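**Q** kindly return the folded structure for what I paste below:
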Amino acid sequence: MSGHKNPNFGKKHTIESLKKISEAHKGIPLSIDHKLKIGLSQKGKSLSLETKEKMSNSKKGTNHPYFGKTFSNTHKKKISLSITGNKNPSYNNTIYNFKHIDTNGIFHGTYYDFYTKYNFNKSGVGKLIHNKTKMYRGWIITE
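**A** The predicted model follows:
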């Protein structure tokens, strides 16, 4: 039943009943299908500048979660060590074979070693690695 045929049409829930409804729905996981529908319903909507400003201000100054907190030097060192080298999410130790089309030059090594040795743009070599371009400055990836 919807519209004027619904017995609750035109009526409003009390604050207490809204809290009860809210509590009853907490902890119930949403299905993937439901999450997709929520996402699609928000697609194309844009926030007003006023709303963006309010959201920005809500996490500034004393409202920021780390306001007034400092990390000790030992904690900073632990954080640094936890993301250094192969623990860094950007670390890629895959060995690639690169071949230059014109000179038949061959390079065998990591992505980092390649763009560092030839002073190439990191994102340009990244596009080559991720098959977004077939060639970068005359270099291709071979098997």
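**Q** residue contacts, the residue nearest the centre of the chain?
**A** What sits nearest the mean C-alpha location of the chain, by Cα atoms, centre = their mean, is Pro89, with 12.5 Å. If a contact means Cβ atoms under 8 Å, 6 or more residues apart in numbering, then Pro89 has Ile83 as its contacts. (Glycine included, C-beta is placed from N, CA and C.)
**Q** assign it to helix, strand or coil.
**A** What DSSP: H, G, I helix; E, B strand; the rest coil gives for Pro89 is coil.
**Q** against Ser82, how distant is it?
**A** Per Cβ to Cβ, to the nearest Å, Pro89 is found 11 Å from Ser82.
**Q** quick check: closest non-adjacent residue to Ile140.
**A** Distances taken as Cβ to Cβ, 6 or more residues apart in numbering place Lys99 nearest to Ile140, at 5.7 Å, with adjacent residues excluded.
**Q** quick check: phi and psi at that neighbour.
**A** In terms of degrees, to the nearest 10, the main-chain angles of Lys99 are phi -130, psi 130.
**Q** where does Lys127 fall, phi/psi-wise?
**A** phi -60, psi -40.
**Q** thought it was touching Tyr136?
**A** Yes: with contact defined as Cβ atoms under 8 Å, Lys127 reaches Tyr136; the gap is 6.9 Å.
**Q** who has more neighbours out of those two?
**A** When neighbours are counted by other Cβ atoms under 10 Å, Lys127 and Tyr136 differ, and Tyr136 comes out ahead with 21 against 13.
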